[in-house]
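Q: I'll drop the sequence and a predicted model, then ask my questions.
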2 protein chains.
Amino acid sequence: MHDRLIAAIRQKVNLTDEEAATFERFFIPRKYRKRQYVLNAGDKCQYLMFVAKGLLRSFTVDDDGGEHVMQFAMEGAWITDMGSFLSGDDAIYNIEALEDSELLLLTRDGMEELIETIANVERYFRVLMQNSIMALQRRIRLTQMYSAEEAYLQIMELQPDIFNRAPLQHIASYLGITPETLSRIRKQVAKRE
Amino acid sequence: MHDRLIAAIRQKVNLTDEEAATFERFFIPRKYRKRQYVLNAGDKCQYLMFVAKGLLRSFTVDDDGGEHVMQFAMEGAWITDMGSFLSGDDAIYNIEALEDSELLLLTRDGMEELIETIANVERYFRVLMQNSIMALQRRIRLTQMYSAEEAYLQIMELQPDIFNRAPLQHIASYLGITPETLSRIRKQVAKRE
DNA sequence: CGCGGGTTTGATGATGCTCAAGCCCGGTGG
DNA sequence: CCACCGGGCTTGAGCATCATCAAACCCGCG
């Protein structure tokens, strides 16, 4: 279960075998069932989480009960409520397992200690954050530049691995449109082939 | 001109006076006039830029010539094309001065050397990236959850310092709507008071 | 004074939302 | 093994929001 984690780190920075062994010890393995909540908005988010297996979503709930998906995270990705994890604020996001999932949890203290202990870890996290920024910017451009249909076609082409696994209603939420609209879009697209 | 930079760093991490002096030396001061382009899409983005004074925008241009604002950066903020700066890819963003501006430029090599030289610098940049992520997520929620009018009212309330200085057309672009729509929204809002 | 960019206004049309109903399919219990 | 849920997806009709195109206006600057 930790193999995927070490492999992910080593894609970005060097790690001796000894360091890798130390690294592993900081992570708490935990399994979640489909539909299980990993984090409830309002609680403190205690962990930065690495997805070893499965698929999760983070989302907010507005005053009318509407859900708005911020992120999908599948194998090899990280997920957390960053504001809550780093600053100890109440979480604004919920995190839910969309499939049976296996996570590796890192606490705030664990992260600090890791950074002190292993030279390349801070660099790894900085690079991770930089990549997240580029991904978020890509996502903003997606809805800023494109119509709902164009945006849908883009994500299905560029990230089919995630979006073929996620249910339609959550994809719609991610795109900022209603499930009805997305359903009609898919009908249109299908007809055209 | 460097004072604001050092102050910004010291808000997040400690820096001895000696370190601060070293830090400063890595930055190239440069002035830009209103409407001047700091970066053209297609070029390599050579610098991470700190805004000592003024206001800038980064934006993409689509196939139809439409502009889409990604970021506004005023005093105390950083701006760059991260993908280009870090990976050496062609820039996808243009960066333009919206006011006469003073920037402090840091090259990629400079950044690496700074990180090697001064202990807390990598931490500073990591924290900076984390804050950027939270800001980008806030922005995604803005257009995902709210109507054009609600989104406009939110940014004018929460970041009046930026959005009172930026021209309407660019605010509209930032929100993903047309200038006409934003003009009408403002009329509505004004009438209501 | 006149030019030109930016903003406003108006008319019309497209896109996406809401509300409501039906359908499909996997899971549960008799 | 089948009948019956119930959630999620689809479909439809009417409506709200926002885009488009075109013209007028406003104002700072040369």
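A: Cool, the structure landed.
Q: What is the burial count for the nearest residue to residue A:124 once chain neighbours are set aside?
A: With sequence-adjacent residues excluded and distances taken as C-beta to C-beta, 6 or more residues apart in numbering or on different chains, residue A:124 is closest to residue A:13, at 4.7 Å. All C-beta spots, glycine's among them, are computed from the backbone N, C-alpha and C. By other C-beta atoms under 10 Å in any protein chain shown, 17 other residues sit near residue A:13.
Q: and the gap between residue A:13 and residue B:61?
A: Going from residue A:13 to residue B:61 by C-beta to C-beta, to the nearest Å gives 35 Å.
Q: do residue A:108 as well
A: Distance, residue A:108 to residue B:61, by C-beta to C-beta: 41 Å.
Q: Helix or strand: which one has the residue nearest the centre of chain A?
A: Compute the mean C-alpha point of chain A, and by C-alpha atoms, centre = their mean the closest residue is residue A:73, 3.2 Å away. Using DSSP states H and E, residue A:73 sits in strand A:67-74.
Q: partners of that strand, with directions?
A: Neighbouring strands of strand A:67-74 in its sheet, by DSSP bridges, are strand A:55-61 (antiparallel).
Q: Pull out the buried positions in the strand it pairs with.
A: Neighbour counts over strand A:55-61 (16 or more other C-beta atoms under 10 Å in any protein chain shown) mark A:55-60 as buried.
Q: List of residues touching that strand?
A: Applying C-beta atoms under 8 Å, 6 or more residues apart in numbering or on different chains, the external contacts of strand A:55-61 come out as A:38-39, A:41, A:67-74, A:79, A:81, A:92-99, A:101, A:162, A:165-166, A:170, A:173, B:141, B:145.
Q: need the longest helix for chain A.
A: helix A:121-145 (DSSP state H).
Q: Which residue does chain A have closest to chain B?
A: Here chain A gets closest to chain B at one residue, residue A:129, 3.5 Å apart by C-beta to the nearest C-beta.
Q: In contact with that residue, which residues?
A: Contact analysis of residue A:129 by C-beta under 8 Å, 6+ apart lists B:126, B:129-130, B:132-133.
Q: please redo it, this time with the cut-off set to 7 Å
A: Contacts here follow C-beta atoms under 7 Å, 6 or more residues apart in numbering or on different chains; on that basis residue A:129 touches B:126, B:129-130, B:133.
Q: of those, closest to chain A?
A: For the contacts of residue A:129, the nearest to chain A is residue B:129 (3.5 Å; C-beta to the nearest C-beta).
Q: how far away is the closest one from residue A:90?
A: Computed with C-beta to C-beta, the distance linking residue B:129 and residue A:90 is 23 Å.
Q: Residue A:103 contacts residue A:53, doesn't it?
A: No - counting by C-beta atoms under 7 Å, residue A:103 stays clear of residue A:53, with 8.5 Å between them.
Q: any idea how far residue A:167 lies from DNA strand D?
A: According to C-beta to the nearest atom of the strand, to the nearest Å, residue A:167 stands 3 Å off from DNA strand D.
Q: OK, contacts around that residue?
A: If you count contacts by C-beta under 7 Å, 6+ apart, residue A:167 has none.
Q: Kindly provide the distance from it to residue A:55.
A: Going from residue A:167 to residue A:55 by C-beta to C-beta gives 10 Å.
Q: quick one: the helices in chain A?
A: Secondary structure of chain A (DSSP H): helices at A:3-12, A:17-25, A:82-87, A:108-117, A:121-145, A:148-158, A:160-163, A:168-175, A:179-191.
Q: Out of those, which gets nearest to residue B:19?
A: helix A:121-145 (17.3 Å; C-beta to C-beta).
Q: now that closest one and strand B:55-61, what's the angle there?
A: Here the directions of helix A:121-145 and strand B:55-61 differ by 70 degrees (axes from the mean of the first three to the mean of the last three C-alpha atoms, to 10 degrees).
Q: Rounded mean pLDDT for helix A:121-145, please.
A: The average pLDDT within helix A:121-145 is 95.
Q: report the angle between the axes of it and helix A:17-25?
A: With the same axes, to 10 degrees as the basis, helix A:121-145 and helix A:17-25 are set at 60 degrees to each other.
Q: Give me every residue in chain A lying close to DNA strand D.
A: Neighbours of DNA strand D within chain A, by C-beta under 7 Å from any atom of the strand: A:167-169, A:179-180, A:182-184, A:186-187.
Q: what about 6 Å?
A: Contact residues (C-beta under 6 Å from any atom of the strand) of chain A with DNA strand D: A:167-169, A:179-180, A:183-184, A:186-187.
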